[in-house]
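K.L.:
how does the following fold in three dimensions:
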Amino acid sequence: MDVLAFPSRTDTFGNVVLEALASGVPAVVTDAGGPKFIVRDGVSGFVADSNGAFIAAVARLLRDGGLRHEMSAAARAQACGEAWDDVFEKVYDGYRTFCGRDYVSRK
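P.N.:
The predicted model follows:
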């Protein structure tokens with residue numbers, strides 16, 4: 001696969017996006033839902049803010065093999081640096097911010 005085109009606006013995390021990055025496949029995602037927090041816009045793929053931008057980003061990656069190759073390497077490197085502990089720490093930080101106090105107990 002050369003590019004993951006993931007147009008979901010409701011996906012909450014985006015495991016499939018992280019799996020694509022781990023396989024060295026750059027992803028194009030929307031600016032809604034969880035995948036926008038996974039893709040590093042312009043580095044491991046693109047985060048599109050409209051349907052037109054989404055289509056243009058996919059087309060750009062399909063046409064530009066050099067860019068696709070660079071993003072492929074960056075996607076793989078990014079995914080190799082991810083850890084579930086880091087993901088959950090970001091979730092806990094969100095709870096702390098939203099709730100205004102620490103509802104998360106640590107062991």
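K.L.:
where do the helices sit along this protein?
P.N.:
Using DSSP state H, the helices of the chain run over 15-22, 51-63, 65-80, 84-99.
K.L.:
from the ones you listed, which stretch is densest packed?
P.N.:
helix 15-22 (a mean of 19; mean count of other C-beta atoms under 10 Å). (Each C-beta comes from the backbone N, C-alpha and C, glycine too.)
K.L.:
packing partners for that helix?
P.N.:
strand 4-6, strand 27-30, helix 65-80 (3 or more C-beta pairs under 8 Å, 6 or more residues apart in numbering; DSSP states H and E).
K.L.:
quick one: low-confidence parts of the protein?
P.N.:
Scanning the chain for pLDDT under 70 picks out 100-107.
K.L.:
with distance to F54 as extra columns, can I get the helices and strands packed on helix 15-22 in JSON lines?
P.N.:
Shown next, in JSON lines, are the helices and strands packed on helix 15-22 (distance: least, C-beta to C-beta, whole Å):
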{"stretch": "strand 4-6", "distance to F54": "8"}
{"stretch": "strand 27-30", "distance to F54": "6"}
{"stretch": "helix 65-80", "distance to F54": "16"}
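K.L.:
what's the closest of these to L21?
P.N.:
Among the helices and strands packed on helix 15-22, the nearest to L21 by C-beta to C-beta is helix 65-80 (4.0 Å).
K.L.:
and the helices of the chain: which comes nearest V3?
P.N.:
Closest among the helices of the chain, using C-beta to C-beta: helix 51-63, at 4.7 Å.
K.L.:
can I get the helices of the chain in JSON lines with distance to S44?
P.N.:
Shown next, in JSON lines, are the helices of the chain (distance: least, C-beta to C-beta, whole Å):
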{"stretch": "helix 15-22", "distance to S44": "6"}
{"stretch": "helix 51-63", "distance to S44": "11"}
{"stretch": "helix 65-80", "distance to S44": "4"}
{"stretch": "helix 84-99", "distance to S44": "16"}
